[in-house]
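In: When you get a sec, could you give me coordinates for this:
(2 chains)
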Amino acid sequence: MTAKSKTTISRRTLLAGASGTLIASRAWAQQPSEVKVGLLVPISGLYARPGTVMREGAEMAIDHINAQGGIKALGGAKMKLVVLDSGDTTEKAKNAAQRMVAQETDLVAASGAYLSSFTLAVTEVTERASLPVLTLSYSDLITDRGFKYVFQTAATAGSQARQALPQLIKLAETASGKRPKTVAILTDNTGASIASAKAMREGLLAENQLQLIVDETFTPPLADATSLVQRIRSAKPDLLFFLPTVISDAKLLLEKMNEFGLGQGKVPTISFGIAIAEPDMLQTVSPELLQGVLTCVASWGAKGHEALIAELKTRYKEPWMTQNAISTYGDMWVIKDALEKAGKADRVAVGEALRTMDAGPSKYYPLGEIKFDEKGRRVGAGMTIVQWQAGVPVTVFPPELALAKPFWPKS
Amino acid sequence: MLPMRSLLPPLLFTLAYAGISLGVTNSYYQLILTLVPVWAVFGLSWNLLSGYTGLISFGHAAFFGIGAYATALGQIYFNISPWLLIPVAAMLGGIAGLLIGFPTFRLQGHYFALAMLAYPLAILYVFEWLGFQEVTLPIKRDAPIAFMQFADPRLYTLLGLAIMLGIIVLTQMIERSRFGMALLAIKQNEAAAEAAGINTLAWKLRAITLSGAIAAAIGGFYAQVLLVVTPASVFGMLVSAQALTVAMFGGVGTVWGPVIGAVILIPLAEILHAEAGARIPGIQGVIFGLAIVCVILLAPEGLFWKLRDLLRKRNGSRPTASETPEATTADITALKPASRQRAATGEVVLEVRNLSRSFGGLKAVQDVSFKLHKNEILGIIGPNGAGKTTLFNLLNGFLKPGQGEVLIDGRNMSGQRPHVICEAGIGRTFQVMRPFLRMSILDNVVVGAYVRARTDAEARKLAVDAVASVGLSSVADRVAGELSTKELRLMELARAIAGQPRILLLDETLAGLGHGEADEVVAVIQQLARDGMTIAIIEHTMQAMVRLVDRFLVLDHGAVITEGLPEVVTRDSRVVEAYLGKKWAAHAAN
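Out: Residues are numbered from 1 along each chain as shown, chains lettered A, B, ... in the order given. Below is the predicted model:
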């Protein structure tokens, strides 16, 4: 009996002590020591590689922000990254998003989720939970739904093609002395590729006085590229737009082009998207075959990012900085700016700050400003053109960001 | 309607589940709680076709995706409410099932499975080509309830549960009806099912139509939960695999299998993804896969059957199991062989005219003609390869005759499907027994009764009578897999007579039986003949036959050598020669 009452007493004292500390920490929370930011990207399954690169970019940014004194408006609170795996299916991505909003209740914002179909599903959840999400995904659909808490940092797919085409023609004209007239499109049937190809077919090519003479859509992965390349060879277009998503397709086509004597710039090849400029390309394709190949991407390591590119190389052994790394790096800084503006660690306030912020010219995304329009699209979002030069894809456009001069393959 | 006893477990389960989910406020756990009934229903839809008929479908995503896209596109382009669209999706899924089933049921086994695999993959590309790579459901802020967009995630779970309860009850009703019996019979032995009077194609088409409708309906609901539809997320390989996984893990061919599978696997996969995946990305897939492999190795038919077998074994040593066989034996020996008026001159019920069939160069049956009189026992004998079984297959429709006619009651029935001939009054048994091993004796026999019975109750009554007439009443509830050869032979006989045929074709019914056992079976056959049945029996063992039959028809190399009374035929030198060779024929003549 006495023993029992003793334990009750000790339990009660314990409880009192615990609630005391709770109160203390509550008081402390007025000025949080850390602010949590989510990163919801694929780190397992088919898309683990790009997701991992995004995490690397985010980690670097968080380290830099914290090293420079954290969030000043919150008394120097440190930013903390919470990584969630979106997996490799839309359902898993949605589940992860639900887990993020239900269990990481103190997140103030997040970045994600690589594939635009994942981002679409994820933002359905975050929108309802009023959690601001910055995304690199460029499907127009993401910001066409009237959502208030999704912010697209990249130019949308349709807009990218619109920006790229005149630049490419100008490049061809200055380099080769004649304006290209005919084009071929070889595209796979994934969402992003279809969106870019559709924009070109439905007006963009005509606006730029280009004639479409070969138009082929294939389903990845390709088993054999011979018939596609034969069509290119017989039609002899001045430009080839090649839109793969899977690296093996890029390899197959480039090798077949070379075999048929069309490679290494005989038919200038322009891609959209990151697949053809991923570091993994070099594991299967020789740099000679890639020399001169151009690709249009939302963002890339560029002029002004030299230190970041060097750090990424030493810290994570990444040979160059793709859009996934630089863009996610930028996302963290934008969230930091929004926190400074909001002055409190609250997701709704951060969302409001993102909607109204005007933080001047963008440092980490190409061109434009750190300012979002009513749809949540970044104002003046540009894009970059990257060219394989001596085994490295380097930014060659826009000129103010270019790390190297573009060259037009001599035919 | 279902008896209350079988309604109770699903009802209790649903209520318990609903009770738990109402207490969960974390929206992530709630989403998982919603996905469990979704995948359970999808598993149930797969189970309805593949679990019961045994025709494995790798392509149920086809129906699921059609439902999901119908629900999504209907909202986007026509602004129709999902409350209406999900039933429409079910209709579309049913139609798709019919369209897919009709050509694909020509294939069997692995070929069927592979062909089914192709449908969702093909449809996936069609939807990509149509430009529906990413479809999102529009937010309806003004009328969320009318568009099934609940602010409280618990409502999705409750709705999912309601659908699941409905499908469980539907499945239970099917399981107990003629429909379910037909499907189970098809699974265990399609040929036997046809011979027992089941129009297998018609039942399979009904099954795939219903299965497609359920899959499409739940696909529509899934779209509503996920809010985003992409071809890969509804037509992908993983979606079809999900149906197989939950059903095979939980137990194939039972209503509880997919439910058990979903309740365990869906949360498990999520927990692994959230917990293990956060530490070592990708490890969740490895653990999940290994868990499934282990369970399939330990319980190949699924958890449900494993548990049931374990429970049975524990209760198995009760007296009923050990005593019953003796009871049967006693029952059968009570039927003393008695002499019977030989009836060789009654009206002709079956007439075969110039029947021929060849396989390539081999003339398996050539120019066979004979008549079977009412209430007669005709023994068809001949050495191995004489064409006896082929003749039966021609008579009951397994094979189409090359030439000649089979007249039943004067009507030419040659070339008809087996179940049509069964309806016309011909029942048969098989040389190689074709029992439905997982079913009880009575259920085995019920399958054969449906050809005559209009209602389930009537079928049960006919089956009980048939089981009684072969003397198996005392073991009627035992599973066929536990029976001895003799009991199986008798059960097959009961299944054939449950359909109340006028003519029975018995194919080596005495094969594999010991001496005493054969006598018991012979006694049953004799009793059937006394009750007015007309019987044609194939047999090797002359001894038993001589006492049993009224007349012999002797075949060799597919042709009739002779026909006549037993005592005459057995002395015929051509018969002896056919069986034993020329040398013995000479001996016999002396």
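In: Low-confidence ranges, chain B, go.
Out: B:1-3, B:316-345, B:541, B:582-590 (pLDDT under 70).
In: Quick one: name the residues of the stretch 1-150 of chain A near chain B.
Out: Within reach of chain B by Cβ under 8 Å from any Cβ of the partner chain, the stretch 1-150 of chain A has these residues: A:43-45, A:48, A:83-85, A:87, A:89-92, A:94-96, A:98-99, A:101-103, A:116-117, A:120-121, A:124, A:129, A:139, A:141, A:145-146. The C-beta positions use only the backbone N, C-alpha and C, and glycine is treated the same way.
In: Next step: these restricted to strands.
Out: A:83-85 (DSSP state E).
In: Please tell me which one of these counts the most neighbours.
Out: In terms of neighbours by other Cβ atoms under 10 Å in any protein chain shown, these top out with residue A:84 at 27 neighbours.
In: contacting residues around that residue?
Out: A:38-40, A:96-97, A:99-100, A:104, B:278 (Cβ atoms under 8 Å, 6 or more residues apart in numbering or on different chains).
In: min pLDDT across the residues you listed, which one?
Out: Lowest pLDDT among the contacts of residue A:84: residue B:278, with 74.
In: pLDDT score for the residue lying closest to that one once chain neighbours are set aside?
Out: Excluding its sequence neighbours, the residue lying closest to residue B:278 (Cβ to Cβ, 6 or more residues apart in numbering or on different chains) is residue A:85, at 6.8 Å. For residue A:85, the model assigns a pLDDT of 92.
In: Identify, from the ones in strands among the residues of the stretch 1-150 of chain A next to chain B, the entry nearest to chain B.
Out: residue A:85 (5.1 Å; Cβ to the nearest Cβ).
In: got a list of what residue B:119 touches?
Out: Residue B:119 neighbours (Cβ under 8 Å, 6+ apart): B:59, B:62, B:100.
In: quick one: which of those residues is nearest to residue B:284?
Out: residue B:59 (26.2 Å; Cβ to Cβ).
In: Next, the contact list for residue 148, please.
Out: Going with chain A. A:127, A:351, A:355, A:376.
In: could you do chain B instead?
Out: With Cβ under 8 Å, 6+ apart, residue B:148 has these contacts: B:81-83, B:159, B:224.
In: Compare the contacts of residue A:148 and tell me which has the most neighbours.
Out: For the contacts of residue A:148, neighbours tallied by other Cβ under 10 Å; top is residue A:376, 25 neighbours.
In: rewinding a little: ok, which pair from the contacts of residue A:148 is furthest apart?
Out: Farthest pair in the contacts of residue A:148, by Cβ to Cβ: A:127 and A:355, 13.3 Å.
In: Report the buried residues of the helix or strand encompassing residue B:202.
Out: Assessed by DSSP states H and E, residue B:202 sits inside helix B:200-226. Buried residues in helix B:200-226, counting neighbours by 16 or more other Cβ atoms under 10 Å in any protein chain shown, are found at B:200-201, B:203-226.
In: Now the element after it, going C-ward?
Out: Downstream of helix B:200-226, the first helix or strand assigned by DSSP H and E is strand B:228-229.
In: what packs against that following strand?
Out: helix A:116-128, helix B:61-78, strand B:135-136 (3 or more Cβ pairs under 8 Å, 6 or more residues apart in numbering or on different chains; DSSP states H and E).
In: so who does the residue nearest to residue B:278 touch?
Out: Residue A:85 neighbours (Cβ under 8 Å, 6+ apart): A:41-44, A:51, A:92, A:96, B:273, B:277-278, B:281.
In: what's the burial count for the nearest residue to residue A:72 once chain neighbours are set aside?
Out: In this structure, residue A:72 finds its nearest non-sequential neighbour in residue A:340, 6.4 Å apart by Cβ to Cβ, 6+ apart. The tally of other residues near residue A:340 (other Cβ under 10 Å) stands at 15.
In: mind listing what residue A:340 touches?
Out: A:71-73.
In: again, 10 Å this time
Out: By Cβ atoms under 10 Å, 6 or more residues apart in numbering or on different chains, residue A:340 lies in contact with A:71-74, A:353, A:357, A:359.
In: circling back: which stretch among the helices and strands packed on strand B:228-229 is buried most, on average?
Out: The highest average neighbour count among the helices and strands packed on strand B:228-229, using mean count of other Cβ atoms under 10 Å in any protein chain shown, belongs to helix A:116-128 at a mean of 27.
In: Could you identify the helix or strand that succeeds that helix?
Out: Downstream of helix A:116-128 (by DSSP H and E), the next one is strand A:133-135.
In: what stretches of the stretch 251-400 of chain A score poorly on pLDDT?
Out: For the stretch 251-400 of chain A (pLDDT under 70), the answer is none.
In: For it, which segments count as strands?
Out: For the stretch 251-400 of chain A, strands defined by DSSP state E, counting those that start in this stretch occupy the ranges A:269-272, A:294-297, A:384-389, A:392-397.
In: And the first one, what does it pack against?
Out: Taking 3 or more Cβ pairs under 10 Å, 6 or more residues apart in numbering or on different chains; DSSP states H and E as contact, the helices and strands that strand A:269-272 lies on are helix A:157-176, strand A:182-188, helix A:191-199, strand A:239-243, helix A:247-259, strand A:294-297, strand A:384-389.
In: Report all helices and strands that the longest one contacts.
Out: The elements that helix A:157-176 packs onto, with contact taken as 3+ Cβ pairs under 10 Å, 6+ apart, are helix A:191-199, helix A:205-207, strand A:239-243, strand A:269-272, strand A:294-297, strand A:384-389, strand A:392-397.
In: how deep is residue 186 tucked in, by neighbour count?
Out: I went with chain A, as the question did not name one. Neighbour number of residue A:186 under other Cβ under 10 Å is 26.
In: switch to chain B, that's the one I care about
Out: 25.
In: Can you classify it by secondary structure?
Out: helix (DSSP: H, G, I helix; E, B strand; the rest coil).
In: list the contacts for it?
Out: B:52-55, B:192-194, B:198, B:200-201, B:203-204, B:207, B:436, B:447.
In: can you rerun that using 6 Å?
Out: Listed by Cβ atoms under 6 Å, 6 or more residues apart in numbering or on different chains, the contact set of residue B:186 reads B:53, B:193, B:200.
In: before we move on, back to that, and the contacts of residue A:340, which is closest to residue B:429?
Out: residue A:353 (82.4 Å).
In: wait, doesn't that closest one sit right on residue A:342?
Out: Yes - with contact defined as Cβ atoms under 6 Å, residue A:353 counts as touching residue A:342 (4.1 Å).
In: can you list residues touching both of the two?
Out: In contact with both residue A:353 and residue A:342: no residue, using Cβ under 6 Å, 6+ apart.
In: Near chain A, which residues of chain B are found?
Out: B:26-28, B:31, B:128, B:133-134, B:136, B:226-228, B:230, B:233, B:274, B:277, B:281-282 (Cβ under 6 Å from any Cβ of the partner chain).
In: Try it again at 8 Å.
Out: Within chain B, the positions near chain A by Cβ under 8 Å from any Cβ are B:26-29, B:31-32, B:35, B:125, B:128-129, B:131, B:133-134, B:136, B:138-139, B:226-228, B:230, B:232-233, B:236, B:238, B:270, B:273-274, B:277-278, B:281-282, B:284-285.
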